[in-house]
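Peer 1: sequence first, predicted coordinates after that:
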2 protein chains.
Amino acid sequence: MSVPRWKILLEQAIESHSKSTVIQLASIDPTTPVPHVRSLIFRGFLSAQDNPARPLLLATTDVRTPKTAQMIANPHVQIAWWIDGSQEQYRIAGKAHVVPAPGHTLHKHFMHTIVPLGSANFDWEAKRIDVFNSMSPVMKASWCRPTPGSRLEGGEEEAKKWPVKIEEPKPGDEEGKRLWEMSLSHFALVVIEPDSVDYVELKPIPNRRTSFWPSKTSRGVWEEEALVP
Amino acid sequence: MSVPRWKILLEQAIESHSKSTVIQLASIDPTTPVPHVRSLIFRGFLSAQDNPARPLLLATTDVRTPKTAQMIANPHVQIAWWIDGSQEQYRIAGKAHVVPAPGHTLHKHFMHTIVPLGSANFDWEAKRIDVFNSMSPVMKASWCRPTPGSRLEGGEEEAKKWPVKIEEPKPGDEEGKRLWEMSLSHFALVVIEPDSVDYVELKPIPNRRTSFWPSKTSRGVWEEEALVP
């Protein structure tokens, strides 16, 4: 039961190249079926203390974007994470869980139990609020716009009225409180549970490629195999 | 009939940020269905002289990678192109065409006519060879390895025997000729025919988002609409 080697490598890579937190997340629109992919910011790992072998990846989204419904209908996703400074690519395949506000209509699809955390008692709402609080005032303001991807009614003039930054409201600031709560109500966590990792290193000659997957026979152990790049 | 505005913007962005040619291409493995996404290098645009309104995007691959079969079974793909220097994202949805060597077993799936080029007479094999010739000796050597993603038989010792660079063989260099031809036989073009472009600009405040799609009523014209980012 230990931290997987791919996670140690990935953490080292992010530490050396701290700007490389932009990841590309692919999902499927099951109604078509057509693949979708967009850039997200990686917001950190999450592991149960007693299960460091199964780290989860955290990202965030506006719950009103199409990717939430896509991932609820088909939770299979893949992340491509290119770290330019080290010429490495991590491709992480796994299952996505969307954690919206408890009052949101999509919340009923959230299963509460994400297996690697090992407990139905994990306080996801506390985690959602923690991550929300850590977001910048500019990001918080972005969740108070009209629905992402909808037609921009009123054009740029209307857009100029959108809040630019949202800070925690002071007591008595009713408008600030309204915006803060609106932002929090649109804010959702995206939790990725990795099922396999494909790691390519283009710097060493010969290039290297390694596949990682959780052992089927030993709990808490990842197996790995060298592949042809 | 003119060059689409999104292409002009994208070319300007690449010119200003010349290292931003790494794109992420998502496809679907239809047997599962699970999304796949990996980083590729953008190798340029391709347009018919009489149809500048429908540019194609060029990338390359080893024909033996799983993405070729995926894109032949389901040609719908999406590209996420994050340009860090300008804080812009282009998401390009479209159809993929795989152009392998004429002798390759997958070549029968290639339709030869890619509509925007407007002609069944376009010499795709000449184009494939042109692009191959423009690749670096290191890239050319990469297509002489065993099948990508297969188990690394013999380990690192075996990998050290792989050719590191492949230059155009001199007359009489039989081994050089063999490697050159092997590399060319594994080399395939990936041609993306865009159907829509979603363009997000995170630098201006308020952020901007624009959707582009080919007009259904006016040939050679892209329509566009401002969206909520």
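Peer 2: Structure's in. What do you need?
Peer 1: most distant residue from the centre of chain A?
Peer 2: When distances are taken from the C-alpha mean of chain A, A:Gly172 lies farthest, 34.0 Å away, according to C-alpha atoms, centre = their mean.
Peer 1: which SS class is it?
Peer 2: Look at A:Gly172: counting by DSSP: H, G, I helix; E, B strand; the rest coil, its state is coil.
Peer 1: and it, what pLDDT?
Peer 2: For A:Gly172, the model assigns a pLDDT of 97.
Peer 1: what is the helix or strand harbouring A:Val131 packed up against?
Peer 2: Under the criterion of DSSP states H and E, A:Val131 resides in helix A:124-134. Judged by 3 or more C-beta pairs under 8 Å, 6 or more residues apart in numbering or on different chains; DSSP states H and E, the packing partners of helix A:124-134 are strand A:88-99, helix A:174-186, strand A:187-201. C-betas here are computed from N, CA, C, even on glycine.
Peer 1: can you do 10 Å?
Peer 2: Where contact means 3 or more C-beta pairs under 10 Å, 6 or more residues apart in numbering or on different chains; DSSP states H and E, helix A:124-134 is packed against strand A:44-48, strand A:51-62, strand A:88-99, helix A:137-142, helix A:174-186, strand A:187-201.
Peer 1: so which bits of the helix or strand of chain A with the lowest mean pLDDT are buried?
Peer 2: Using mean pLDDT, DSSP states H and E, strand A:44-48 stands out as the lowest-scoring helix or strand of chain A, at a mean of 92. By neighbour count with 16 or more other C-beta atoms under 10 Å in any protein chain shown, strand A:44-48 contains the buried residues A:Leu46, A:Ser47, A:Ala48.
Peer 1: nearest to B:Val22, of those?
Peer 2: The nearest member of those to B:Val22, counting by C-beta to C-beta, is A:Leu46 at 27.6 Å.
Peer 1: identify the bridge partners of that closest one.
Peer 2: With DSSP bridges as the criterion, A:Leu46 is bridged to A:Leu56.
Peer 1: thought it was touching A:Arg128?
Peer 2: No. With contact defined as C-beta atoms under 10 Å, A:Leu46 does not reach A:Arg128; the gap is 11.7 Å.
Peer 1: okay, and the common contacts of those two?
Peer 2: A:Leu189 (C-beta atoms under 10 Å, 6 or more residues apart in numbering or on different chains).
Peer 1: returning to that earlier point: next, the angle from the helix holding A:Val131 to helix A:174-186.
Peer 2: 120 degrees (axes from the mean of the first three to the mean of the last three C-alpha atoms, to 10 degrees).
Peer 1: which of the residues in helix A:124-134 are buried?
Peer 2: Per 16+ other C-beta under 10 Å, helix A:124-134 contains these buried residues: A:Trp124, A:Lys127, A:Arg128, A:Val131, A:Phe132.
Peer 1: over to stretch A:221-229?
Peer 2: So for stretch A:221-229, counting by 16+ other C-beta under 10 Å, buried means A:Trp222, A:Ala226, A:Leu227, A:Val228, A:Pro229.
Peer 1: contacts only, for the third one.
Peer 2: If a contact means C-beta under 10 Å, 6+ apart, then A:Leu227 has A:198-200, A:208-211, B:146-152 as its contacts.
Peer 1: repeat that for the fourth one.
Peer 2: Going by C-beta under 10 Å, 6+ apart, A:Val228 touches A:206-209, B:62, B:64, B:145-153, B:158-159, B:162.
Peer 1: what's the spacing between stretch A:117-127 and its chain's center?
Peer 2: 16 Å (C-alpha atoms, centre = their mean, to the nearest Å).
Peer 1: now do the end-to-end distance for it.
Peer 2: From its first residue to its last, stretch A:117-127 covers 13 Å (C-alpha to C-alpha, to the nearest Å).
Peer 1: so what's the residue positioned nearest the centre of chain A up against?
Peer 2: The centre of chain A sits closest to A:Ala59, judged by C-alpha atoms, centre = their mean, with a distance of 2.2 Å. A:Ala59 is in contact with A:21, A:23, A:25, A:40-44, A:79, A:96, A:131, A:188-192, counting by C-beta under 10 Å, 6+ apart.
Peer 1: coming back round to it: contact partners of the least confident helix or strand of chain A?
Peer 2: Here strand A:44-48 makes contact (C-beta under 10 Å, 6+ apart) with A:3, A:7, A:10-11, A:14, A:21, A:52-59, A:114-119, A:122, A:127, A:131, A:134, A:189, A:191-192.
Peer 1: any of those buried? List them.
Peer 2: Buried among the contacts of strand A:44-48 (16+ other C-beta under 10 Å): A:7, A:10, A:14, A:52-59, A:114, A:116-117, A:127, A:131, A:189, A:191-192.
Peer 1: if we can go back for a sec, among the contacts of A:Ala59, which one sits closest to A:Gln70?
Peer 2: If you rank these by distance to A:Gln70 using C-beta to C-beta, A:Ala96 comes first, at 8.9 Å.
Peer 1: does that closest one touch A:Asp195 like I think?
Peer 2: No. With contact defined as C-beta under 10 Å, A:Ala96 does not count as touching A:Asp195 (11.1 Å).
Peer 1: what do these two both touch?
Peer 2: Contacts common to A:Ala96 and A:Asp195, judged by C-beta under 10 Å, 6+ apart, are A:His76, A:Val77, A:Gln78.
Peer 1: wait, a strand at the last one?
Peer 2: Yes. A:Gln78 sits within a strand when classified using three-state DSSP.
Peer 1: which residues touch it?
Peer 2: The contact partners of A:Gln78, taken as C-beta under 10 Å, 6+ apart, are A:24-28, A:35, A:37, A:91-94, A:96, A:192, A:195-196, A:198, B:24, B:26-27, B:29, B:34-38.
Peer 1: show the pLDDT at it.
Peer 2: The model's pLDDT for A:Gln78 equals 98.
Peer 1: what bridges to it?
Peer 2: Applying DSSP bridges to A:Gln78, the residues it is bridged with are A:Ala26, A:Ala93.
Peer 1: what's the answer for A:Val99, then?
Peer 2: A:Val99 has these beta-bridge partners by DSSP bridges: A:Leu189.
Peer 1: residues near it, how many?
Peer 2: 25 (other C-beta atoms under 10 Å in any protein chain shown).
Peer 1: wait, it touches A:Asp123, no?
Peer 2: No. At 11.0 Å, A:Val99 and A:Asp123 do not qualify as touching, with contact defined as C-beta under 10 Å.
Peer 1: quick one: low-confidence residue ranges for chain A.
Peer 2: A:112-113, A:118-120 (pLDDT under 70).
Peer 1: what do you get if the cut-off is 80, keeping everything else the same?
Peer 2: For chain A, the stretches flagged by pLDDT under 80 are A:1, A:111-121.
Peer 1: contacting residues around A:Pro43?
Peer 2: Not quite, residue A:43 is Arg, not Pro. Going by C-beta under 10 Å, 6+ apart, the list of residues near A:Arg43 reads A:Thr21, A:Leu57, A:Leu58, A:Ala59, A:Thr60, A:Val131, A:Ser134, A:Met135, A:Leu189, A:Val190.
Peer 1: many thanks, I have nothing further to ask.
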